[in-house]
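Student: Predicted model and sequence follow; I will ask about them next.
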Amino acid sequence: MIAKYLRAAYEGIVRGGRRTFLALLGIAMSIYLVLSLVAIGSGVQTQIKEQVTAIGSDVVGVSSTSPTEENDINTGQLLNGLSLPTLTLDDVAVITRQPTVTSAAPIRYLSGDIRYGSRSTSPTFLAATTSEYPSARGEVELAEGRFFEAEEQDNDIPKVVIGPATKDALFGERGAVGKKISFDERDLEVVGVLEPINSVSVGATANNLDNVLYGPPNLVGDVEQRNLYSLVLAKVSPTSAVDETAATIKSELSKQRASDTFIVATESDRLNTSQTILSVLAAFIVIIGLITVVISGIGVMNVMVLSVTERTKEIGIRKTVGATAKHIFNQFLIEAVILSALGGALGIVLAVATVYAVRQFAPISPELTPQLAGMGLLLSLVTGVVFGISPALSAARREPIEALQTDRS
């Protein structure tokens, strides 16, 4: 009996021609969209979490902010320093002299192009910091050279460290260490190249974090602005409690500046904030996915309604020779389910191809697991059932004589 249903479903789908193909394509595109968005979102979520945790559970971030941003911890701001530089050297000193802080590095982010000969690039992050950055930041690995040292911070030609993408953009396959580059009409000397990160930003710009440049404070051309920072990273000693250190830093800083002009955050704060952002993203993906599935399901239902109308005589003949309403119902429902399943399978193939392409050409790694693909196929089957029931019931309820007469007219 199942074989007969499948054969009848196949014949019905083939008979539908272009109309059936378009309905199948609609299901395919909806499943493709859902799987692609979820896979890419999952990859972004993983990399954001890796980026947040890469700062270290033992690192406290202090970021300048405005009074209107009080109680609104912005993850991108904490990670990238995308706030007005109002933290002073006195603030840095307060943080540094805490007994549980082993090192602290102030950071100020700049913008602009860096050049080498006729080549140029705009780094995602161009930061003025101190030689303490590697010890305060942690997880800073160099592929070539070294980080600039404390005694080099006031050199006329600032020593800088660049990311691998920056190196590729400016030097290609050639070595970068020892070369002179320019920024803001000033010469800089490359002394180190970072190991690749291959991650995405959680700040305002989701650009390549391998395209970066770190230099000393005198990277800032304006002398009066040179000692103002937007972010300070403080490394907490292994034997100390990070939350207690963060609370102490906040208390001490509040003695010399308004508490609503800075944010103190630990790894748990950063994770909680990023999770909130990702939850909103996930909800958006689900809503978009449901809308596309419903639209494609309506397309399947319309095709099946037309199919029932065109095959009224067939229904009447089958009933006169003994087919029951259940047989007719099963035939049309199975046809709708198979149509949706074929669309789902095509959508999965397209999603796999998209994930592969994104992995090859973008700095993120979408995650399309077998379980996710299975959920996509299941969703297409459910769509076929839900939107195939009404046309199948309509076909099953037709009376044989009435069906034959309707078809003749």
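Tutor: It's in. Numbers count the residues shown, from 1 in each chain.
Student: Can you tell me the centre-most residue of this protein?
Tutor: The residue lying closest to the centre of the chain (CA atoms, centre = their mean) is residue 44, at 3.0 Å.
Student: Neighbouring strands of the host helix or strand of residue 143 in the sheet, and parallel or not?
Tutor: Element membership for residue 143, per DSSP states H and E: strand 142-145. Using DSSP bridges, strand 142-145 pairs in its sheet with strand 186-194 (antiparallel).
Student: any idea of the mean pLDDT in the strand holding residue 143?
Tutor: Over the span of strand 142-145, the pLDDT mean works out to 92.
Student: Give the buried residues for it.
Tutor: 144, 145 (16 or more other CB atoms under 10 Å). Every C-beta, even on glycine, is put in place using the N, C-alpha and C of the backbone.
Student: Start the count at 119 instead of 1 going forward.
Tutor: From this message on, residue numbering opens at 119, which makes the last subject strand 260-263.
Student: Export the helix or strand just after it to CSV, keeping only CA atoms.
Tutor: Next along the chain after strand 260-263, taking DSSP H and E as the criterion, comes strand 277-280. Extracted as CSV, the C-alpha positions of strand 277-280 are listed here (Å, rounded to 0.1, in the frame of the first residue of the first chain):
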residue,chain,number,x,y,z
LYS,A,277,57.9,51.0,17.4
VAL,A,278,54.8,49.1,16.4
VAL,A,279,53.3,45.6,16.2
ILE,A,280,51.0,44.7,13.4
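Student: Which residues outside strand 277-280 are in contact with it?
Tutor: 241, 260, 263, 265-267, 270, 288, 294, 299, 306-312, 330-334, 337 (CB atoms under 8 Å, 6 or more residues apart in numbering).
Student: Buried ones only from these, please, as a PyMOL command.
Tutor: In PyMOL, this line selects whichever of the contacts of strand 277-280 come out buried by 16+ other CB under 10 Å:
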select buried, resi 241+263+265+266+288+294+299+306+307+308+309+310+311+312+330+331+332+333+334+337
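Student: average pLDDT for stretch 387-400?
Tutor: 78.
Student: Show me the domain layout of this structure.
Tutor: 120-168+393-526, 176-383 (automatic domain parsing).
Student: Please point out which parts of stretch 364-373 sit buried.
Tutor: Across stretch 364-373, burial judged by 16+ other CB under 10 Å covers 364, 366, 367, 368, 371.
Student: Mind exporting the C-alpha coordinates of stretch 422-437 to CSV?
Tutor: Taking C-alpha atoms only, stretch 422-437 is exported to CSV below (Å, rounded to 0.1, in the frame of the first residue of the first chain):
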residue,chain,number,x,y,z
MET,A,422,-2.2,20.9,-3.5
VAL,A,423,-5.5,22.7,-3.7
LEU,A,424,-5.1,23.2,-7.4
SER,A,425,-4.0,19.6,-7.7
VAL,A,426,-7.1,18.4,-6.0
THR,A,427,-9.3,20.5,-8.2
GLU,A,428,-7.7,19.3,-11.4
ARG,A,429,-7.9,15.6,-10.3
THR,A,430,-11.5,15.7,-9.2
LYS,A,431,-12.4,13.1,-11.8
GLU,A,432,-9.6,10.8,-10.7
ILE,A,433,-10.9,11.1,-7.1
GLY,A,434,-14.4,10.2,-8.2
ILE,A,435,-13.2,7.1,-10.2
ARG,A,436,-11.1,5.9,-7.4
LYS,A,437,-13.9,6.1,-5.0
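Student: May I see the buried residues of it?
Tutor: Of the residues in stretch 422-437, those buried (16+ other CB under 10 Å) are 422, 425, 426, 429, 430, 432, 433, 434, 436, 437.
Student: and that stretch, what's its mean pLDDT?
Tutor: On average, stretch 422-437 scores 77.
Student: Give me the distance from it to the chain's centre.
Tutor: Stretch 422-437 sits 48 Å away from the centroid of its parent chain (CA atoms, centre = their mean, to the nearest Å).
Student: for the stretch 269-418 of the chain, what are the low-confidence residue spans?
Tutor: Scanning the stretch 269-418 of the chain for pLDDT under 70 picks out 316-326.
Student: And the strands in it?
Tutor: Listed in chain order, the strands of the stretch 269-418 of the chain (DSSP state E, counting those that start in this stretch) span 277-280, 298-301, 304-312, 330-333, 349-354, 380-383.
Student: could the ones you listed go into CSV alongside distance to residue 450?
Tutor: What follows is these, written out as CSV (distance: least, CB to CB, whole Å):
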stretch, distance to residue 450
strand 277-280, 65
strand 298-301, 69
strand 304-312, 62
strand 330-333, 60
strand 349-354, 63
strand 380-383, 59
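Student: wait, which of these is closest to residue 476?
Tutor: Across these, residue 476 has its closest neighbour in strand 330-333 (22.4 Å, CB to CB).
Student: which residues sit against that closest one?
Tutor: Contacts for strand 330-333 (CB under 8 Å, 6+ apart): 232, 241-247, 251, 265-266, 276-281, 283-284, 301, 306, 312.
Student: longest helix of this structure?
Tutor: helix 385-428 (DSSP state H).
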